[in-house]
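K.L.:
With the input below, show me the fold.
(3 chains)
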Amino acid sequence: MKYWLLKTEPESFSIQELQNSPNKTTCWSGVRNYQARNFLRDEMKTGDRVLFYHSNANPPAIVGTARVVKEGYPDGTALDEHDHHWDPKSTAENPIWYMVDIQLDRIFAQPLGLDHLRTVAALQKMELLRKGSRLSVQPVSAAEFKEVLKQAGVK
DNA sequence: GCCAACGTTGGC
DNA sequence: GCCAACGTTGGC
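P.N.:
Model (predicted):
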């Protein structure tokens, strides 16, 4: 099993919206970065655990966890010319962009803000904390995932 | 709103 | 293949 961190701007799609989604499940569409695409298409597997991160938020924070419930498949929003994420280079025969489905696991009682995460020794190597880190789908080590749960008070 | 850090594009 | 210009991300 692998561990991941997914970023989202809560104004775009928040963990509360995930909780209110049917089956607390959503497709993770709209990723338009090749490195992130490769993780979605090739490496994320059913059952993998996900840290859910709110970027451009007050404060920016890890706000909960989810699980991968469907592995990589073509992102339909890339094929819809009326969609904001439409990409004319992507076709049904040759899709460029991929997504997975995730299901909410839990919302943390206390969000773990960036400033707090930076103080945790065991998390100093997290990609999220690296200056200039922009990747919206990031691998997380098992030790880091475990530490985040510990910081969140999850047993 | 600012701006540093990145990724992408396209001329050459 | 280089790299300047441009667009985007995201903390602050």
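K.L.:
Can you tell me how far the one residue in chain A that gets nearest to DNA strand B is from A:Asp80?
P.N.:
Nearest to DNA strand B in chain A, going by CB to the nearest atom of the strand, is A:Gly132, at a distance of 2.0 Å. Using the backbone N, CA and C atoms, a C-beta is placed for each residue, glycine as well. As judged by CB to CB, to the nearest Å, A:Gly132 and A:Asp80 stand 32 Å apart.
K.L.:
What parts of chain A come near DNA strand C?
P.N.:
A:7, A:9, A:32, A:55-57, A:60, A:114-115, A:133-136 (CB under 7 Å from any atom of the strand).
K.L.:
now for those, which pair is the farthest apart?
P.N.:
Spatially, the most separated pair among the residues of chain A next to DNA strand C is A:Arg32 and A:Asp115, at 28.9 Å (CB to CB).
K.L.:
out of those two, which sits in the busier spot?
P.N.:
Ranked by neighbour count (other CB atoms under 10 Å), A:Arg32 and A:Asp115 place A:Arg32 first, with 15 against 10.
K.L.:
so that one touches A:Asp83, yeah?
P.N.:
No: A:Arg32 lies out of contact with A:Asp83 (CB atoms under 8 Å); the separation is 11.7 Å.
K.L.:
Tell me the buried residues in the longest strand seen in chain A?
P.N.:
The longest strand of chain A (DSSP state E) is strand A:98-113. Buried residues in strand A:98-113, counted by 16 or more other CB atoms under 10 Å: A:98-105, A:107-108, A:111-113.
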